[in-house]
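Chemist: Take a look and give me a structure for this.
(chains A and B)
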2 protein chains.
Amino acid sequence: MNKPSIPQGTRDFNAATIYKRNYIFNTIRQAFQLYGFEPLETPAFENIDTLMGKYGEEGDKLIFKILNNGLDNPNKHLEVTAAFQKILEGKPNKTITERALRYDLTIPFARYVAMNHGQLTFPFKRYQMQPVWRADRPQKGRYREFYQCDADIVGSTTLMNEVELAHLYAHVFNMLNLPVTIKMNNRKILAALADICGGAEKLTAITVAIDKLDKVGIDKVKEELQQRLLTESQIETIADFLKIKGTNEEKLQALTQSIGNHSLGKEGIADLQFILHHQDPTNPLPLEIDVTLARGLNYYTGTIFEVKATDYNMGSIGGGGRYDNLTELFGVPNMPGVGISFGVDRIYDVMEGLDLFPKQLVKGTDVLFFNLGPEESNRAFSLLQNLRAQNISGELYHETAKLDKQFKYAEKKGIAVVVIIGSKELANNNCTVKHLATGQQNTIPQSELVNYLATFESGL
Amino acid sequence: MNKPSIPQGTRDFNAATIYKRNYIFNTIRQAFQLYGFEPLETPAFENIDTLMGKYGEEGDKLIFKILNNGLDNPNKHLEVTAAFQKILEGKPNKTITERALRYDLTIPFARYVAMNHGQLTFPFKRYQMQPVWRADRPQKGRYREFYQCDADIVGSTTLMNEVELAHLYAHVFNMLNLPVTIKMNNRKILAALADICGGAEKLTAITVAIDKLDKVGIDKVKEELQQRLLTESQIETIADFLKIKGTNEEKLQALTQSIGNHSLGKEGIADLQFILHHQDPTNPLPLEIDVTLARGLNYYTGTIFEVKATDYNMGSIGGGGRYDNLTELFGVPNMPGVGISFGVDRIYDVMEGLDLFPKQLVKGTDVLFFNLGPEESNRAFSLLQNLRAQNISGELYHETAKLDKQFKYAEKKGIAVVVIIGSKELANNNCTVKHLATGQQNTIPQSELVNYLATFESGL
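Modeler: Numbering: from 1, shown residues only, chains lettered A, B, ... in the order given. Predicted structure coming up:
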């Protein structure tokens, strides 16, 4: 047997990491519930038809497909061989693969809503926190298994939903003590810009080009727009638009001058205004209009959001927006909605980088009872059970051993308190309690141990 | 597009089901931590070598294998085609599939320990609560995606570990208010029986036959033993052994008479005795020696456990035991351990069947603010934010609508309290609070709403 290994792009999570990740998960989950979202969980794999064709050609390639079982059935060899030819041509065939791993949470959610819309109460506010899998090339901050945490409101078009989601974003990052900027734009504004610069059919070209601005700079964006056959004057209009700077109010004014005469542009500006005006002026959200925000090639049609950590160099740690129809692809029309997503793996990296995790998150068992012989450990076990009944976590060292071996175990596991019952303590019905951090040591009656530790516990 | 569907043997979990499942998960997790276990999470998929050959031939077939990406690369067509021939012969080939979905939690745990044993503190006590996937034929109570919750202690041979795990089982089912019997046996006893009845090489035959006793009855077991070439007198010895009945003490006596002269048998009996004697006599565990318990074909070598609900007809809802070596398969010797597993999906079915879930688990958002106009809803939103800051969950109805529509939404979502701010309340700076369960209604100043609801909340 070769040395065992873990698949590329995946990770094991040990206790310390899990405690920190759960701190993020719990913070997000509590906020979702506080804002009236209810949980949903979908299976790790979906029927392959549910996923294929939903994420573009590139996405299709990155979906992990599951091999059907029973391909060695001799009665099916001809059929299977023919199907396999299709795989060689890049066309997944159901004789070979009927299932595929979840690629995001949105499509499974859409599939769920399409299947159950008759039973749901609308607006349906669901949250979902589950891993997704992508056959991407692994690199720093990009994994083949990672978590998404999504909250969506479907079946409603009012902008109060966007207001809610902006507040929800701010609430979570506030609870995490993580300073962020919530960037905001509106696809209607980009659509108006496209319309002004050569017609609606240029929207995708403009969106894709603008989306790269951060990475490649304005000159490359101009080049790309040239290749996409925009005229000099159209490109200048776009370049001027991308230069819009200042406070949110200044940006709104500049936008009004730039595209305010276009009806869709006007709507987009009004949408931004509505969201900005629905916040407590004494405690404003970290909302920032960013006219260069495009959110790639996805299905957004109105407001779009993207969250960046202000004090740490990292891509977006959250994003979302409004879409016109969630379930159309599954044959159910008229299901508009808006949603946001939290990138937990990146949030984790930023919080680790900024040292933002509370120190007390990572702690071992509360108490270790030493094992100093059969009689002694029997007594210890019985006291241990009393502690556990009072919700104090504890262990009994698994075998009789020298003191220093047992101390070493307690230290390595970050255990705060050891309880020692040797032959003397056994005879006197007492026990020695030692606090490892301070070295402080007390001998107390066994009957007082629970109360003693319960008091101490509250300070752990 | 066809009507969307969910893969056979998998399930979506809606809010009500998730709350109940989390109640079970949280109870188990808290108990694991109380007993000093630390969490571990491993990836959903492993390298295929890690899993194949670990679960027997039948198990290998039930492992979900993941198709490699890029099989359509023309440069690799010959290689891929040759590899695919192997698949047709039932031999998964790494050119086609390099990864496979987790089939249980034990092998990934073994892989983790083998990879990290230099960094771990032993005895290593880990728990793991994650889904596993099996290409089994779906049927009632058997899913293709289901959760396992395992706790293992590795790197220790002392029986105190078994004592701990028996108490842990009892603790969890006690917290769940679910009456169970923890059946217990010891593989050494079965090994002794095998040795007495024709030699150690008969152990597997005897174990497999005994394991079927519950399902097929003693006569079929005898038949099977005959087919496996045991003599009449050997079969009678086994049949007499399987008839052992009575209290635990009576069973221990009968076992001593039956196999007590065999050294391994004697050890097995002493192991059972040790565990039975390490419990509080005033509050004994629901432990029951079951000499017919065999736990199938797995790797157990000492104590074995199996948990059954006492008041409900369902297969085992938990099982586990001692094994001699966890990591040998991965090249790391001397890693003895013992572990138990909780079958959450079955526990859920039993608790649902016995109506054991606390009623307050399933509740909607605490408060719904009605939306009765732009000004009114602005005021409502600002009050809503105050509530959320006090950890009271709430929603604002998404758009201005008739009262009865908003009442219906609150009812459908199980919301306890609605807050109504109409034009009159807006003018008077008060609000009408209505408790949906009782119909009770009060008009109070807006400034008192948080306190009013915080008080009421504690009774929700």
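Chemist: Identify the residues contacting residue A:252.
Modeler: Residues in contact with residue A:252 (CB atoms under 8 Å, 6 or more residues apart in numbering or on different chains) are A:269, A:272, A:273, A:276, A:289. From N, CA and C alone the C-beta is placed, and that goes for glycine too.
Chemist: Check residue A:456 too.
Modeler: A:417, A:435.
Chemist: Double-check that it belongs to a helix.
Modeler: Yes - assigned with DSSP: H, G, I helix; E, B strand; the rest coil, residue A:456 falls within a helix.
Chemist: separation between residue A:370 and residue A:394?
Modeler: 12 Å (CB to CB, to the nearest Å).
Chemist: So if I had to pick from these two, which one is more boxed in?
Modeler: The neighbour comparison of residue A:370 against residue A:394 (other CB atoms under 10 Å in any protein chain shown) goes to residue A:370, with 27 against 24.
Chemist: neighbours around residue A:446, how many?
Modeler: 19.
Chemist: tell me the contacts of it?
Modeler: Going by CB under 8 Å, 6+ apart, residue A:446 touches A:379, A:383, A:421, A:425, A:429, A:430, A:431.
Chemist: from these, which single one is nearest residue B:78?
Modeler: Nearest to residue B:78 among the contacts of residue A:446, counting by CB to CB, is residue A:383 at 69.4 Å.
Chemist: you'd agree the closest one is up against residue A:447?
Modeler: No - using CB atoms under 8 Å, residue A:383 makes no contact with residue A:447, being 9.4 Å away.
Chemist: Among those two, which residue is more densely surrounded?
Modeler: residue A:383 (22 against 12).
Chemist: contacts for the host helix or strand of the more buried one?
Modeler: Using DSSP states H and E, residue A:383 sits within helix A:374-389. Identification of contacts with helix A:374-389 by CB under 8 Å, 6+ apart yields A:366-367, A:369-371, A:393-396, A:400, A:419, A:421-423, A:425-426, A:431, A:446, A:449-450, A:453, B:34-35, B:160, B:163, B:167, B:171, B:278, B:280.
Chemist: Quick one: classify residue A:250 as helix, strand or coil.
Modeler: Classification of residue A:250 using three-state DSSP returns helix.
Chemist: and the helix or strand of chain A with the lowest mean pLDDT, how far out from the chain's middle?
Modeler: Among the helices and strands of chain A, helix A:203-211 carries the lowest confidence by mean pLDDT, DSSP states H and E, at a mean of 82. From the chain centre to the centre of helix A:203-211 is a distance of 26 Å (CA atoms, centre = their mean, to the nearest Å).
Chemist: Restricting to C-alpha, output that helix in CSV.
Modeler: The C-alpha trace of helix A:203-211 is given here as CSV (Å, rounded to 0.1, in the frame of the first residue of the first chain):
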residue,chain,number,x,y,z
LEU,A,203,-24.2,44.3,-23.0
THR,A,204,-22.4,41.0,-22.6
ALA,A,205,-19.2,42.3,-24.3
ILE,A,206,-19.3,45.4,-22.1
THR,A,207,-20.0,43.4,-18.9
VAL,A,208,-17.2,41.0,-19.6
ALA,A,209,-14.7,43.8,-20.4
ILE,A,210,-15.7,45.9,-17.3
ASP,A,211,-15.5,42.8,-15.1
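Chemist: That helix - contacts with which helices or strands?
Modeler: Counting contacts by 3 or more CB pairs under 8 Å, 6 or more residues apart in numbering or on different chains; DSSP states H and E, helix A:203-211 is packed against helix A:187-196, helix A:218-227, helix A:232-242.
Chemist: can you list the weak-confidence ranges in the stretch 251-400 of chain A?
Modeler: A:297-298 (pLDDT under 70).
Chemist: Alongside chain B, which residues does it contribute?
Modeler: Where the stretch 251-400 of chain A comes near chain B, counting by CB under 8 Å from any CB of the partner chain, the residues are A:278, A:280, A:329-331, A:364-365, A:371, A:377-378, A:381-382, A:385, A:388, A:391-396, A:398-399.
Chemist: Mark which of those residues are buried, thanks.
Modeler: Taking 16 or more other CB atoms under 10 Å in any protein chain shown as the criterion, what is buried in these is A:278, A:329-330, A:364-365, A:371, A:377-378, A:381, A:385, A:388, A:392-396, A:398-399.
Chemist: Just these: which are in helices?
Modeler: Of the positions in these, A:377, A:378, A:381, A:385, A:388 sit in helices, assigned by DSSP state H.
Chemist: what's the closest of the residues you listed to chain B?
Modeler: residue A:388 (5.0 Å; CB to the nearest CB).
Chemist: What distance do you get for that closest one to residue B:32?
Modeler: 12 Å.
Chemist: same thing with residue A:291?
Modeler: Note on residue A:291: its distance to residue B:32, by CB to CB, is 51 Å.
Chemist: now swap in residue A:120 and tell me
Modeler: According to CB to CB, residue A:120 stands 35 Å off from residue B:32.
Chemist: the more surrounded of the two?
Modeler: Using other CB under 10 Å, the more surrounded residue of residue A:120 and residue B:32 is residue B:32, with 25 against 15.
Chemist: Now that one: closest residue in space, sequence neighbours ignored.
Modeler: Spatial nearest neighbour of residue B:32, chain neighbours left out: residue B:127 (4.0 Å); criterion: CB to CB, 6 or more residues apart in numbering or on different chains.
Chemist: That neighbour belongs to a strand, doesn't it?
Modeler: Yes - the assignment for residue B:127, made by three-state DSSP, places it in a strand.
Chemist: There's contact between it and residue B:150 in this structure, I believe.
Modeler: Yes - counting by CB under 8 Å, residue B:150 is a contact partner of residue B:127 at 6.6 Å.
Chemist: Where does pLDDT dip in the stretch 51-200 of chain A?
Modeler: For the stretch 51-200 of chain A, no stretch is flagged by pLDDT under 70.
Chemist: how about 90 then?
Modeler: Scanning the stretch 51-200 of chain A with the threshold set as pLDDT under 90 gives A:54-58, A:69-78, A:80-93, A:138-142, A:197-200.
Chemist: neighbouring contacts of stretch A:285-295?
Modeler: So stretch A:285-295 is contacted by A:166-167, A:169-170, A:179-185, A:189-190, A:207-208, A:210-211, A:213-214, A:241-242, A:244, A:248, A:251-252, A:255, A:272, A:275-276, A:279, A:304, A:306, A:310, A:319, A:321 (CB under 8 Å, 6+ apart).
Chemist: what's the spacing between the closest residue to chain B within the stretch 251-400 of chain A and residue B:117?
Modeler: Nearest residue of the stretch 251-400 of chain A to chain B (CB to the nearest CB) works out as residue A:395 at 3.6 Å. To residue B:117, residue A:395 is 20 Å away according to CB to CB.
Chemist: same deal with residue A:60?
Modeler: Distance from residue A:60 to residue B:117, by CB to CB: 41 Å.
Chemist: ok, now residue A:283?
Modeler: Distance of residue A:283 to residue B:117, computed by CB to CB: 52 Å.
Chemist: Between these two, which has more neighbouring residues?
Modeler: residue B:117 (18 against 10).
Chemist: Can you read off the backbone torsions of that one?
Modeler: When read as degrees, to the nearest 10, the backbone of residue B:117 gives phi -60, psi -30.
Chemist: so who does it touch?
Modeler: Residue B:117 neighbours (CB under 8 Å, 6+ apart): B:327, B:332, B:335.
Chemist: switch to 6 Å and redo it
Modeler: residue B:332 (CB atoms under 6 Å, 6 or more residues apart in numbering or on different chains).
Chemist: burial count for residue A:226?
Modeler: Neighbours of residue A:226 under the rule other CB under 10 Å: 14.
Chemist: again with residue A:222
Modeler: 18.
Chemist: Can you report how many residues lie near the nearest residue to it once chain neighbours are set aside?
Modeler: Leaving aside its chain neighbours, residue A:222 sits nearest to residue A:235 (5.5 Å; criterion: CB to CB, 6+ apart). By other CB under 10 Å, 21 other residues sit near residue A:235.
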